[in-house]
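Student: Structure for the following, please:
(one chain, ligands or ions: 1)
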Amino acid sequence: MSRLTVVGAGYVGLVTAACMAELGHEIIAMDLDGQKIALLRQGQVPIYEPGLAELIAANHDRIEFTTEQAYAYRTGEFIFLCVDTPPTPSGDADLSRIWQAIDDLPPDEGEHILVTKSTVPVGTGALVQAELAQRGYRHISYASNPEFLREGTAIDDFMRADRIVVGADDPAVAERVAGLYEKLDRPMLITDVASAEMIKYASNAFLATKISFINEIANVCEVTGADVTVVARGMGMDRRIGPHFLQAGIGYGGSCFPKDVSALKQIAGNSGYHFQLLSAVIEVNELQKRRVIGKLKRHLGDELRGRRIALLGLSFKPNTDDIREASSIVLAGRLLAEGAVVVGYDPIAMDNIRALLPKVIFAPSAAVALEGAEACVLVTEWREFLDLDWAAAKQAMARPLLIDGRNALDAGSLMDLGFTYEGVGARVGRT
Ligand SMILES: NC(=O)c1ccc[n+]([C@@H]2O[C@H](COP(=O)([O-])OP(=O)(O)OC[C@H]3O[C@@H](n4cnc5c(N)ncnc54)[C@H](O)[C@@H]3O)[C@@H](O)[C@H]2O)c1
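Tutor: Okay, the predicted model is just below:
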């Protein structure tokens with residue numbers, strides 16, 4: 001068993017810490033955010049991720065939480081970088097946290113393997129290794145180990161990963177990093193650092209492309225009379241295509257797809273290659289979020305001023321409190337710009353989104369959000385909305401108009417209740 005320092009106690013860092021501890025490793029989880037660490041020390045988990053609190057609790061004797069940087073960096077045989085790499089205004093990845101961590105590495109103590117789990121542009125590993133060499137840090141070797149977990153199912157994704165990718169220029173280093181995961185017995189791809197970095201971006205960009213593709217098919221379905229859910233099912237039956245990521249909706253969001261797609265576009269652009277396909281993927285996604293406004297206007301008329309619109313689901317997807325790049329943000333912004341009265345509800349993410357959307361009225365429940373509303377937009381398909389008492393909701397609403405942004409509700413039974421229902425990618429709906 002090995003001693004791992006996990007730098008950054010966010011979604012990736014905490015899941016890595018908990019799962020690696022579960023595999024028997026000793027973990028030091030370090031974050032600069034003292035509040036986060038204080039909560040973790042009291043046994044509280046500052047993010048919402050199903051199963052995470054339980055896994056941390058079950059392994060508490062193998063996880064130490066600290067803000068002590070020098071101690072954390074000195075102690076880990078493996079130093080896992082799980083810091084955030086958010087987008088800059090230009091769409092490039094901001095690597096300042098990575099470089100901060102490099103600056104904090106111990107100059108001359110012990111042997112360490114620095115493992116980057118954060119998503120970083122292709123070429124970052126080479127730059128980091130050059131920097132380490134320039135500083136004379138022979139005691140620190142380097143590997144890339146991109147993370148593919150999805151929020152909401154992160155523990156399972158880590159423990160039963162489709163593949164684990166380790167990139168290192170020294171095969172012995174790659175073997176040692178791969179060895180940490182041995183107990184998981186998952187497919188392992190060992191490669192060079194640049195290819196490992198690219199696998200992460202290429203995977204996310206491909207998935208985003210699939211989503212934008214099916215969303216465009218959905219938009220054409222709406223004007224031609226086909227039904228995208230059936231179309232997707234038929235496409236997915238072809239093994240060359242597969243059924244995953246073919247759910248039409250109101251666009252992807254989250255902390256990964258938007259930033260990684262635009263970072264890959266910038267990586268290509270900065271190297272002199274114009275990645276045309278990704279420009280279209282990004283544009284389609286932006287327009288997709290806004291199409292809801294057109295649907296609302298078709299039913300309510302062009303004037304949305306003063307109309308009360310309920311948004312159900314504010315996180316970027318169900319089972320997470322992450323609101324980064326959530327479709328709800330663009331939608332609420334557009335509706336407010338039209339003068340609508342926007343009422344929002346989310347089972348978990350309201351505290352996170354409140355500051356971003358100060359003009360939105362936040363309701364304590366879905367039922368309250370729907371009271372007096374002239375339309376309801378299902379933005380994020382939390383289970384609780386699928387199980388909602390829609391008959392009661394219809395009574396409470398001023399007008400039974402339902403825009404299902406995720407094709408998650410049962411159109412037939414809602415229309416039987418008297419709703420005007422519009423999903424994405426089909427010509428259903430009646431008043
Ligand atoms: N969230 C996901 O679903 C996911 C999935 C795969 C990969 N990734 C990638 O993993 C990385 C981390 O993402 P995240 O969502 O966990 O981010 P996050 O914002 O949730 O967490 C990052 C944490 O790092 C801490 N931090 C920043 N600089 C630090 C430093 N120098 N020392 C110690 N702590 C520091 C922050 O305080 C924060 O708590 C990103 O590169 C992201 O693209 C994320």
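
Student: Low-confidence bits of the chain, can you list those?
Tutor: The model of the chain has pLDDT under 70 over residues 428-431.

Student: ok, longest helix in it?
Tutor: helix 193-224 (DSSP state H).

Student: which other helices and strands contact that one?
Tutor: Contact partners of helix 193-224 among helices and strands, from 3 or more C-beta pairs under 8 Å, 6 or more residues apart in numbering; DSSP states H and E: helix 124-134, strand 140-144, strand 164-167, helix 228-236, helix 257-270, helix 276-300. Every residue, glycine included, has its C-beta placed from N, CA and C.

Student: and the longest one with helix 257-270, angle?
Tutor: If you take axes from the mean of the first three to the mean of the last three C-alpha atoms, to 10 degrees, helix 276-300 sits at 140 degrees to helix 257-270.

Student: Tell me the residues of the stretch 51-200 of the chain that contact the ligand?
Tutor: Proximity of the stretch 51-200 of the chain to the ligand (C-beta under 6 Å from any ligand atom) is limited to residues 82-85, 97, 100-101, 118-119, 147, 149, 151.

Student: Cross those against helices and list the overlap.
Tutor: Counting by DSSP H, these place 97, 100-101 in helices.

Student: Strands of the chain, residue ranges please.
Tutor: Along the chain, counting by DSSP state E, strands occupy 3-7, 26-30, 63-66, 78-81, 112-116, 140-144, 164-167, 188-191, 308-312, 341-345, 361-362, 375-378, 401-404, 420-422.

Student: Okay, angle between the second one and strand 3-7 too, please.
Tutor: Okay, so that is strand 26-30. Inter-element angle recorded for strand 26-30 and strand 3-7: 20 degrees (by the same axes, to 10 degrees).

Student: Can I get stretch 120-129 as CSV, trimmed to CA atoms?
Tutor: In CSV, the C-alpha atoms belonging to stretch 120-129 read as follows (Å, rounded to 0.1, in the frame of the first residue of the first chain):
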residue,chain,number,x,y,z
VAL,A,120,-4.7,19.9,-18.7
PRO,A,121,-3.9,20.8,-22.3
VAL,A,122,-1.8,18.5,-24.4
GLY,A,123,1.8,19.5,-23.8
THR,A,124,1.3,20.6,-20.2
GLY,A,125,3.1,17.5,-18.9
ALA,A,126,6.1,18.2,-21.1
LEU,A,127,6.2,21.8,-19.8
VAL,A,128,5.9,20.6,-16.2
GLN,A,129,8.7,18.1,-16.7
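
Student: related to what we said a few turns ago, would you mind giving the ones in helices among the residues of the stretch 51-200 of the chain next to the ligand as a markdown table with neighbour count and distance to residue 323 added?
Tutor: Formatted as a markdown table, these follow (neighbours: other C-beta atoms under 10 Å; distance: C-beta to C-beta, whole Å):
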| residue | neighbour count | distance to residue 323 |
| --- | --- | --- |
| 97 | 18 | 20 |
| 100 | 13 | 25 |
| 101 | 24 | 26 |
